[in-house]
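*Asks:* The following block contains a protein sequence and its predicted model.
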Amino acid sequence: MPNALANLTGQRVLVTRPAHQAAQQIQQLRDCGATPIPLPLLAIHPIEATDPRYHLLKTQMMNIDEYQIIICVSPNAAKLAIEWIDEYWPQLPVGIEWLAIGGKTETMLNDAGIPAKRPAEGFNSEAMLTMPTLTELNGAKVLILRGDGGRATLAEGLSERGAIVTYANLYDRCCPTYEDTLIQSTIYQSSLTSILITSGEALDNFVTVVKGRQQQFSINSLLSLYLVVPSERIAEKARTIGFTTIMVAQGPDDESMIKALTLANDSEANA
């Protein structure tokens, strides 16, 4: 948890995590003296039994013992995978190498009795591909647990190394819709000073949402706000949009994001 409790006094910070994942970040910002302003930019919808994709997903989760390596790409994927495993696997099948992208995902799996490992450094597909376990994969069957869509970097890298890669899509990621009056009050009339964005998709959704339903709002007034992102890849994307004050955190976890904002705030205060 950030230890500079007064360093963000006066900061009004837009929190964009999905609603069910935002509580800890909101509390940490308050502990640091900031005013958090929540506006979820991703909505997570598990694949339901009425969905045409459900039968395939159920079959995949009932046959996880066919895979040598299973990779969980997010806390949302971990949560839903654990629910599937609890329902269909009273005893976890042996002989599977479980891998996680990021510390929170790893912790969730381990806490559920699934012995997962994560990259020593980094939290993305590129970091995952540096793991020794994934160096030589001649014919290995790999299952990637994820939300539908997203980057193909990991699957492509594994395939190039000889793996047979399958996706299990556990949920959809959707862009929420908001009334224009809420966007006006939350974004343009709330004296925002900072924005926390944890993924490229959330950044895309931010640009879509803040323009309003009829594209009637200009985002120019927002481009000079502090923008904290978890990677240089997303920072470059933000630069192309026009953001000018970008801080790159060491990762997408709450502590790293708030630390980056705190350091930037301290630098400005001491300038």
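*Replies:* Sure thing, it's come through.

*Asks:* Doesn't residue 247 lie inside a strand?
*Replies:* Yes. According to DSSP: H, G, I helix; E, B strand; the rest coil, residue 247 belongs to a strand.

*Asks:* Make residue 1 into 366 and carry on from there
*Replies:* Sure thing, new numbering starts at 366, so read that last one as residue 612.

*Asks:* Can you give me the neighbour number for it?
*Replies:* 20 (other C-beta atoms under 10 Å). In this view, the C-beta of every residue, glycine as well, is placed from N, C-alpha and C.

*Asks:* Pull up the gap between it and residue 515, please.
*Replies:* Distance, residue 612 to residue 515, using C-beta to C-beta, to the nearest Å: 24 Å.

*Asks:* Show the residue spans covered by the helices in the chain.
*Replies:* Listed in chain order, the helices of the chain (DSSP state H) span 388-396, 419-427, 440-453, 468-476, 490-493, 518-525, 545-548, 565-575, 597-606, 619-635.

*Asks:* TSV for the ones you listed, including distance to residue 376?
*Replies:* What follows is the helices of the chain, written out as TSV (distance: least, C-beta to C-beta, whole Å):
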stretch	distance to residue 376
helix 388-396	8
helix 419-427	41
helix 440-453	25
helix 468-476	24
helix 490-493	30
helix 518-525	33
helix 545-548	21
helix 565-575	18
helix 597-606	19
helix 619-635	6
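
*Asks:* lowest-confidence stretch among these?
*Replies:* Mean pLDDT is lowest for helix 619-635 out of these, coming in at a mean of 84.

*Asks:* partner strands of the longest strand anywhere in the chain, parallel or antiparallel?
*Replies:* Across the chain, the strand with the greatest residue count (assigned by DSSP state E) is strand 529-539. Strand 529-539 has the following strand partners under DSSP bridges: strand 408-411 (antiparallel), strand 506-512 (parallel).
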